[in-house]
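S.K.: structure, please.
(3 chains)
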Amino acid sequence: MGVILHVDMDAFYASVEAQRRGLEGEPLVVGVYSGRTEDSGAVSTCSYEAREIGIHAAMPIKTAKKKADNSDKEVSFVPMDKEYYDSFSDRIQEEILQERAEKIEKASIDEFYIELKTENYKQAENVAKEIQASIKEEFEVTCSIGVGPNKLVAKIASDRDKPEGLTKVKPEEVQEFMYGLEISDIHGIGDRTEEKLSERGIESVQELAEADPALLVREFGEKQGLKLREKARGEDDSEVEESQQKQVTRITTLEENSRNSSKIKQVFPELASDIIEKLEEENMDYGSVQLIVIDTEIQMHTRSTSLKTRVRNNETLKEKGEKLLEEFLEASNSTIRRVGLRASDLKKRKGQKSMEQFF
DNA sequence: AATGATACTCGGC
DNA sequence: TTACGGCCGAGTATCATT
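M.R.: Residues are numbered from 1 along each chain as shown, chains lettered A, B, ... in the order given. Presented below is the predicted three-dimensional model:
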C-alpha cells in the first residue's frame, strides 16, 4: 500500500462563504435559521477569527450575536447554503485531488483520503504541499493534511496542526506519534470505552498498545478488543475506497410546538418527498425508517422500524413515520419542537444503470 | 460467549 | 440570563442467532 493523505478542509463552510463574499480573514458565522423568530437558529460553523471571540459550532445564533456585540470586531452572519458547499467540494475533488490520487475516498463534505502510488514520504509530502498550494490558489480556501502509512494515522495527523497544517508521520515514527496522544484522540474511542479502559488501569495510548490482549478481549469481545489494541499501535488495514451514503435525513422546525399528531404529520409529505428525491439521485433503496423528534427541552429522541425488503417508496416512508410518531406520542409526554424522517440501511439498486456509466 | 443486526444516542460541522 | 439547525457518520446498548 502506498502512502495515505488525509485532506481536511479548514472551517469549510465559513471559508467558502468568505471566499464567495470577499470576507477572507474576517470573523464570519455560518448559521442555520429556523424562521421561527428573528435569529432563531444555531451556528453551523464559523471562521477562526470568529472562534477567537468565543463563537463556536452548535451555539445559538442569538448567543453568537451577543458575543459579536461584546467584541470590537464586525462579525458577518450568513445563512448556510449546503448545495453550494457540496458543489464546491466536488470541484476540489475533481479539479485538484483526483489527478494526483491513485485512489480517492470522499469521507465527508470536507474530508478526503488519498492513496498515492509512491512509498516515498518526501515525495508524498511534496504532493501534499502541492495540493495545499493548488487549492489555495484556485479556490482561495485552505486545508490541513495528514500524511501517514494508513487512514487511521493520516486522519489523526491532519488534526494535529490546523489551519493550513501539514503533519507527516513516517512508518518508523508511528509509535512515537501515537504514544504522544491522549486515548480520546483516537478515532473510535468514546467516553464509554475510555472509562472502561481507565477502570482497568489503562490510561495512556502506550498502556493500551501494550495491554494484555486477553484482558481486552474479555472486556470488549474478540473483534473490538483486538481492534482497540491495533489502533493504539497505529495499525489500520482499511482500504481507501469509494464509500456509499448510509442514510438520508430531512428534519424541520415546526411553526409551533405541538403534540397534536395530525398537526405534526402535515410536514411529513414534504420531508418524505425530499428524501425520495435524494434517493432517486443516488439510485438507492432504503430498508429502515426512523422518526426523529426534538422536544421543547431540545432533547432528541428517535424511533425506528425495519422493512422486510428494501424499497424506494414515498408512501411507505410517510406511513411508517406516522406510525412511529403516534407510538412516540402515546408513550411520551414531551411536546415536540422539531421533527424529521430518516431513511437508512441504504443500498444501490441493481440491474439499472446509473447515468455516469454511460460516460 | 461471541457475533451480527437493529435501535437509539452522541458529536462534528 | 436564556436563547437552539439540519444534516451526517460513528458509538453504544440491547436483543436474536449461533
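
S.K.: what does the stretch 51-200 of chain A put close to DNA strand B?
M.R.: Taking CB under 7 Å from any atom of the strand as the contact definition, the stretch 51-200 of chain A meets DNA strand B at A:57-58, A:110, A:190-191. Placement of C-beta: from N, CA and C, glycine included.

S.K.: looking at those residues, which is nearest A:Phe177?
M.R.: For these, the closest approach to A:Phe177 (CB to CB) belongs to A:Gly190, at 21.4 Å.

S.K.: count the neighbours of that closest one for me.
M.R.: By the other CB atoms under 10 Å criterion, the neighbourhood of A:Gly190 contains 9 residues.

S.K.: cool, and A:Ile264?
M.R.: Should you count by other CB under 10 Å, A:Ile264 turns out to have 19 residues around it.

S.K.: ok, back up a step: which among the residues of the stretch 51-200 of chain A next to DNA strand B end up buried?
M.R.: Buried by 16 or more other CB atoms under 10 Å: A:Asp110, out of those.

S.K.: can you narrow the residues of the stretch 51-200 of chain A next to DNA strand B to ones near DNA strand C?
M.R.: Of the entries in these, those that also sit close to DNA strand C under the rule CB under 7 Å from any atom of the strand are A:57-58, A:190-191.

S.K.: all helices for the stretch 151-300 of chain A, in order.
M.R.: For the stretch 151-300 of chain A, helices defined by DSSP state H, counting those that start in this stretch occupy the ranges A:151-160, A:174-179, A:191-199, A:205-209, A:213-220, A:222-232, A:261-265, A:268-282.

S.K.: need the winner for burial among the ones you listed.
M.R.: Mean neighbour count, computed with mean count of other CB atoms under 10 Å, is highest for helix A:151-160 among those, reaching a mean of 22.

S.K.: now that one: mean pLDDT?
M.R.: For helix A:151-160, mean pLDDT is 92.

S.K.: helices or strands next to that helix in the packing?
M.R.: Using 3 or more CB pairs under 8 Å, 6 or more residues apart in numbering; DSSP states H and E, the elements in contact with helix A:151-160 are strand A:4-9, strand A:111-115, strand A:143-148, strand A:166-168, helix A:174-179.

S.K.: change it to 10 Å
M.R.: With contacts taken as 3 or more CB pairs under 10 Å, 6 or more residues apart in numbering; DSSP states H and E, helix A:151-160 sits against strand A:4-9, strand A:103-108, strand A:111-115, strand A:143-148, strand A:166-168, helix A:174-179, helix A:222-232.

S.K.: anything in the first one near DNA strand C?
M.R.: The one in question is strand A:4-9. No - using CB under 7 Å from any atom of the strand, strand A:4-9 never reaches DNA strand C; the gap is at least 12.8 Å.

S.K.: buried ones in the next helix or strand after that strand?
M.R.: Reading on from strand A:4-9 to the C-terminus, the next helix or strand found by DSSP states H and E is helix A:12-21. Using 16+ other CB under 10 Å as the test for burial, helix A:12-21 gives A:12-18.

S.K.: over to stretch A:313-320?
M.R.: Result for stretch A:313-320 [16+ other CB under 10 Å]: buried residues A:313, A:316-318, A:320.

S.K.: what do you get for stretch A:241-248?
M.R.: Using 16+ other CB under 10 Å as the burial criterion, the residues of stretch A:241-248 that qualify are A:Val248.

S.K.: how about the residues of the stretch 251-359 of chain A near DNA strand C?
M.R.: Proximity of the stretch 251-359 of chain A to DNA strand C is assessed by CB under 7 Å from any atom of the strand, with A:251-253, A:278, A:294, A:298, A:337-338, A:340, A:342 identified as the residues in range.

S.K.: would you list the buried entries among these?
M.R.: Buried residues within these, defined by neighbour count using 16+ other CB under 10 Å: A:252-253, A:294, A:337-338, A:340, A:342.

S.K.: nearest to A:Ala209, of those?
M.R.: Using CB to CB, A:Arg342 comes nearest to A:Ala209 of these, at 37.3 Å.

S.K.: list the contacts for A:Asp191?
M.R.: With CB atoms under 10 Å, 6 or more residues apart in numbering as the criterion, the residues that contact A:Asp191 are A:Ser184.

S.K.: let me see the contact set for the residue in the stretch 101-250 of chain A that DNA strand B sits nearest to.
M.R.: Ranked by CB to the nearest atom of the strand, the top residue of the stretch 101-250 of chain A for proximity to DNA strand B is A:Glu222, at 2.9 Å. Applying CB under 10 Å, 6+ apart to A:Glu222 gives the contacts A:213, A:216.

S.K.: domain parsing for chain A?
M.R.: A:4-10+A:83-174, A:14-82, A:180-232, A:247-348 (automatic domain parsing).

S.K.: run a quick neighbour tally on A:Ile4.
M.R.: A:Ile4 is flanked by 25 other residues according to other CB under 10 Å.

S.K.: pretty sure it sits against A:Lys168.
M.R.: No - with the criterion set as CB atoms under 10 Å, A:Ile4 and A:Lys168 do not qualify as a contacting pair; they are 11.3 Å apart.

S.K.: ok, now which ones touch the closest residue in space to A:Asp8 that isn't next to it in sequence?
M.R.: Here the nearest residue to A:Asp8 in space, its sequence neighbours aside, is A:Ser158; by CB to CB, 6 or more residues apart in numbering that works out to 4.4 Å. Shown in contact with A:Ser158 (CB under 10 Å, 6+ apart): A:5-8, A:111, A:113, A:128, A:143-148, A:165-167.

S.K.: neighbour-wise, which of the residues you listed leads?
M.R.: Once you tally neighbours by other CB under 10 Å, A:Leu5 ends up highest among the contacts of A:Ser158, having 31 neighbours.
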